[in-house]
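Student: Need coordinates for the below:
(chains A and B)
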Amino acid sequence: MPALFGGWFGLMVLGMPVGFSLIVASVAWMLITGQGINFAAQRMVAGLNSFPLLAIPFFILTAQLMNTSGVTERLFAFAKALVGHIAGGLGHVNVMASLLFSGMSGSAVADAAGLGQLEIKAMRDAGYDDKFAGSVTAASAIIGPLVPPSIPMVIYGVIANTSIGALFLGGIVPGLLCALALMITIYVIAIRRGYPREDRASAKHLWTTFRRALVPLMTPVIIIGGIFSGFFSPTEAAVVATIYALFLGFVVYRQMTLTILIEVLRETTRLTASVGLLIMGVSVFGYIMAREQVPQHAASFFLSWADTPLQFLIVVSIMLLILGTFIESLAILLLVVPILVPAAATFGIDLVHFGVVIIMNLMIGILTPPMGVALFVVSSVGKIPFRDLAIGILPFLLPLVGVLILSILFPQLVTFLPDLLMNNR
Amino acid sequence: MINSAPGPAGGAAPSEGPISPEPPLRWLRRAEENLGTFLLCLIFLSVALQVVGRLVFRSPPFWTEELARYLFVWLVCIGSAEVVRIRGHITMDLFAMMLGPRVKVLLQILLNAAILASLVVLVWYSWQGAIRAGRIDSVALGVPESLLYGALPVGAALMTLRILMLLAADISELHRGAMGRPKARGTK
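Tutor: Sure thing, here's the model as predicted:
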């Protein structure tokens, strides 16, 4: 067993794609022990053969369509009219725009890549230093997967057999708190460094920008409203959101062309396939873990370290924060959830609460060097040296960890909305 | 996180990734790209039909859910091969970034050789599995389940081919001893 983990880890660190490293380690283990090789293929297909997972390509597609049909500019303009006049103006605009966009995007990378370009350019033009602009962009991008829709929540829901709808609702308050915490931090930094503020927008201008952004702002209403009125499953909601995005791009704003659409479809296919390979790898690896009773061992390990649910959550969080600094977050999510969920259940922790806490941990992980995917993306779209971001991000980690601690201490912050809106939870 | 694959998500400019070093097999490349996109559209239509069927006609077709799932498995299997070609799979290349260009290529070759070996094993066993699954019919569509499980041997075979091509490209680069010349890579 240690050989299996060591082999996988070694291959991954040497630079083998994460999905392949899991497959190679598993196939080697199966050939050496002579167990289970006949099931390998069956497990890999079974891991993908799930209807809820189909939400992933369509949430990716929706965000990409929104990005390419001029929606991001409208959201940004509205955010600017809304919060630009606070000290540190464009920093707040950056966070607000990410928050608005998070209702139609489920991935931090999509936010950082699409919206990020716009945000960094605007801040740069207004005279903000790259370090600050890039760090705010990266930090605010993590709101994307916390506020519904959310791709990590879809994956967690599938693995932990938990309601994806409940997870979506559970992420709303922590997502809003993250935005608030970031804005407070920006305010403090802005006062100390004397960052500029934008002119206060007139009520008329605010109204105009709001009207221009209204149609795309209906997307989260459609997604969440659709799921909770019982009209759609999350996958169907994702498809309906895609239809809405196509409608916006082709009919309302007319910025979409067939050429762009095909490129967006190709990009979505690639992103879906690379997530899919990871899921296949984890499925076959997970088969071996289950055979070796890793989840049971993990549960008894945690029982020896923690007596209360709170202690368990703290131990898990510290572990995930450490893992998150150097392992790709999606791989952690896929590997760790099947191991930890039985343990969490033993401690009597609400699995929706647990899911949101895990995802918050992983989102902070994508901001921490050396393996901070959000920093990589911002560094590449904004042409900002990675080293600057690795230092610039530090003041923003503190408030985010603060929100994480609050969410751990007060499970109601997460479970309040799902409990309120879903009677049979 | 998620879809942490590299690539300018949502850039309006057609981002044709790093160009693969090999001109041959352009038809296969086209086929992989277009087939993946086509499958995505079919899945979209299938789920859309399900929604329309239920909300408008009060009776969704019973086969859309299964069809969408099966196509999704195919999409991932075929799409993965395409992503291998552009070296776009999610990778932690922190360690590799610290190496010299020559050592890096050498390491790539070794890692790809290991992937190649596992893929070959996988092609064989998944082929066997698909044949076994052919004895059972699926619940809704009533097609042999080999149509589901067949995605893996096909996908693994395509990936095998793509890995072989990467290996050939890397080996020829190592052979040429082209050092210092930065080379476009789909890694991040």
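
Student: Tell me which helix or strand comes right after the helix or strand containing A:Val173.
Tutor: Using DSSP states H and E, A:Val173 sits in helix A:164-193. Once helix A:164-193 ends, the next helix or strand along the chain (criterion: DSSP H and E) is helix A:203-228.

Student: Show me what counts as buried in that following helix.
Tutor: Judged by neighbour count using 16 or more other C-beta atoms under 10 Å in any protein chain shown, the buried positions of helix A:203-228 are A:209, A:212-213, A:216-217, A:219-220, A:222-224, A:226-228. Placement of C-beta: from N, CA and C, glycine included.

Student: What of stretch A:177-192?
Tutor: Buried, per 16+ other C-beta under 10 Å, within stretch A:177-192: A:Leu177, A:Cys178, A:Ala179, A:Ala181, A:Leu182, A:Met183, A:Thr185, A:Ile186, A:Tyr187, A:Ile189, A:Ala190.

Student: repeat for stretch A:109-125
Tutor: Neighbour counts over stretch A:109-125 (16+ other C-beta under 10 Å) mark A:109-120, A:122-124 as buried.

Student: Quick one: check the helix of greatest length in chain B for contact with chain A.
Tutor: If you go by DSSP state H, chain B has its longest helix at helix B:101-133. Yes. Looking at helix B:101-133 against chain A by C-beta under 8 Å from any C-beta of the partner chain, the contacts come from B:107-108, B:111, B:114-115, B:117-118, B:121-122, B:125-126, B:128-130, B:133.

Student: Nearest to chain A among those residues?
Tutor: B:Ser126 (3.4 Å; C-beta to the nearest C-beta).

Student: Is the lowest-mean-pLDDT helix or strand in chain B in proximity to chain A?
Tutor: Lowest on mean pLDDT, DSSP states H and E among the helices and strands of chain B sits helix B:94-97, with a mean of 79. Yes. Looking at helix B:94-97 against chain A by C-beta under 8 Å from any C-beta, the contacts come from B:Leu94, B:Phe95, B:Ala96.

Student: who are the neighbours in contact with the second one?
Tutor: Residues touching B:Phe95, when contacts are defined by C-beta atoms under 8 Å, 6 or more residues apart in numbering or on different chains, comprise A:Val13, A:Leu14, A:Gly15.

Student: so the last one touches B:Ile109, yeah?
Tutor: No. No contact is recorded between A:Gly15 and B:Ile109 when judged using C-beta atoms under 8 Å, the distance being 11.7 Å.

Student: still on that earlier bit, how about the residues of helix B:101-133 next to chain A, which pair is most distant?
Tutor: Maximum pairwise distance among the residues of helix B:101-133 next to chain A (C-beta to C-beta): 37.4 Å, between B:Leu107 and B:Ala133.

Student: Between these two, tell me which one has more neighbours.
Tutor: Using other C-beta atoms under 10 Å in any protein chain shown as the criterion, B:Leu107 and B:Ala133 rank with B:Ala133 on top: 21 against 17.

Student: got the contact list for that one?
Tutor: A:Gln42, B:Pro144, B:Glu145, B:Ser146, B:Leu148, B:Tyr149.

Student: for A:Val83, same thing?
Tutor: A:Gly89, A:His92, A:Val93, A:Met96, A:Met183.

Student: give me the number of residues near the first one?
Tutor: When neighbours are counted by other C-beta under 10 Å, A:Gly89 registers 23.

Student: So which of the contacts of B:Ala133 belong to helices?
Tutor: Those of the contacts of B:Ala133 lying in helices (DSSP H): A:Gln42, B:Ser146, B:Leu148, B:Tyr149.

Student: quick one: which of those is nearest to A:Leu394?
Tutor: Nearest member of these to A:Leu394, counting by C-beta to C-beta, is A:Gln42, at 46.3 Å.

Student: Report whether the host helix or strand of A:Phe5 contacts chain B.
Tutor: Here A:Phe5 sits within helix A:2-14, counting by DSSP H and E. Yes. Counting by C-beta under 8 Å from any C-beta, chain B is contacted by helix A:2-14 at A:Leu11, A:Met12, A:Val13, A:Leu14.

Student: Let me know the closest of those residues to A:Phe168.
Tutor: Lowest distance from A:Phe168 to those (C-beta to C-beta) belongs to A:Met12, with 30.5 Å.

Student: where in chain A is pLDDT low?
Tutor: A:423-425 (pLDDT under 70).

Student: Helix or strand next in line after the longest helix anywhere in it, which one?
Tutor: Longest helix of chain A, by residue count under DSSP H: helix A:258-291. Note on helix A:258-291: by DSSP H and E, the next helix or strand toward the C-terminus is helix A:294-305.

Student: And the contacts of that next one?
Tutor: The contact list for helix A:294-305 (C-beta under 8 Å, 6+ apart) reads A:1, A:289, A:311-312, A:315-316, A:338-343, A:346-347.

Student: show me where chain B has helices.
Tutor: Going by DSSP H, chain B shows helices at B:26-55, B:64-85, B:94-97, B:101-133, B:146-149, B:151-176.

Student: pretty sure B:Ile109 contacts B:Asp170?
Tutor: Yes. In this structure, B:Ile109 is within contact of B:Asp170 by C-beta under 8 Å, at 5.0 Å.

Student: Between the two, point out the one with more neighbours.
Tutor: B:Asp170 (19 against 16).

Student: mind listing what the more buried one touches?
Tutor: Contacts for B:Asp170 were tallied using C-beta under 8 Å, 6+ apart; they are B:Val105, B:Gln108, B:Ile109, B:Asn112.
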